[in-house]
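Participant: quick one, structure for this:
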Amino acid sequence: KSLDYTAFANIIGATPQAVQRYVTGQRIPDEDYMSRIYTATNGQVTPNDFYPLPPAADHPKATEAAR
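Facilitator: Numbers count the residues shown, from 1 in each chain. Next up, the predicted model:
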């Protein structure tokens with residue numbers, strides 16, 4: 001089941017506006033809120049989800065290690 005911003009905000013102790021900013025990428029949660037989000041989603045949302053990371057195969061060291 002999906003929660004709206006207000007319901008999720010209540011779970012993590014944030015404002016609905018903050019949750020909306022996290023979801024739209026306008027803001028990255030601080031360490032405390034990242035931990036709360038991770039816990040509230042049973043690990044389905046991780047800190048890495050807030051950063052635009054390239055696929056591991058694009059990283060030179062990953063390519064080198066695969067050889």
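Participant: so where do the strands sit in the chain?
Facilitator: Secondary structure of the chain by DSSP state E: no strands are present.
Participant: so where's the protein uncertain?
Facilitator: Within the chain, the ranges that satisfy pLDDT under 70 run 1, 58-67.
Participant: next, count neighbours for residue 33.
Facilitator: Residue 33 is flanked by 17 other residues according to other CB atoms under 10 Å. The C-beta positions use only the backbone N, C-alpha and C, and glycine is treated the same way.
Participant: identify the residues contacting it.
Facilitator: Counting by CB atoms under 8 Å, 6 or more residues apart in numbering, residue 33 touches 12, 14, 18, 22.
Participant: let's see it at 10 Å
Facilitator: Applying CB atoms under 10 Å, 6 or more residues apart in numbering to residue 33 gives the contacts 12, 13, 14, 18, 19, 22, 27.
Participant: can you redo those as a markdown table with neighbour count?
Facilitator: Converted to a markdown table, the contacts of residue 33 look like this (neighbours: other CB atoms under 10 Å):
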| residue | neighbour count |
| --- | --- |
| 12 | 20 |
| 13 | 11 |
| 14 | 20 |
| 18 | 17 |
| 19 | 24 |
| 22 | 23 |
| 27 | 15 |
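Participant: need the max-distance pair from the residues you listed.
Facilitator: 13 and 27 (15.6 Å; CB to CB).
Participant: related to what we said a few turns ago, looking at the contacts of residue 33, which are in helices?
Facilitator: By the criterion of DSSP state H, membership of the contacts of residue 33 in helices covers 12, 18, 19, 22.
Participant: wait, which of these is closest to residue 36?
Facilitator: Nearest to residue 36 among the ones in helices among the contacts of residue 33, with distances taken as CB to CB, is residue 12, at 4.1 Å.
Participant: who touches the closest one in this structure?
Facilitator: Residue 12 sits next to 18-19, 22, 29, 32-41 when contact means CB under 10 Å, 6+ apart.
Participant: same check on residue 2?
Facilitator: With contact set as CB under 10 Å, 6+ apart, residue 2 has these partners: residue 8.
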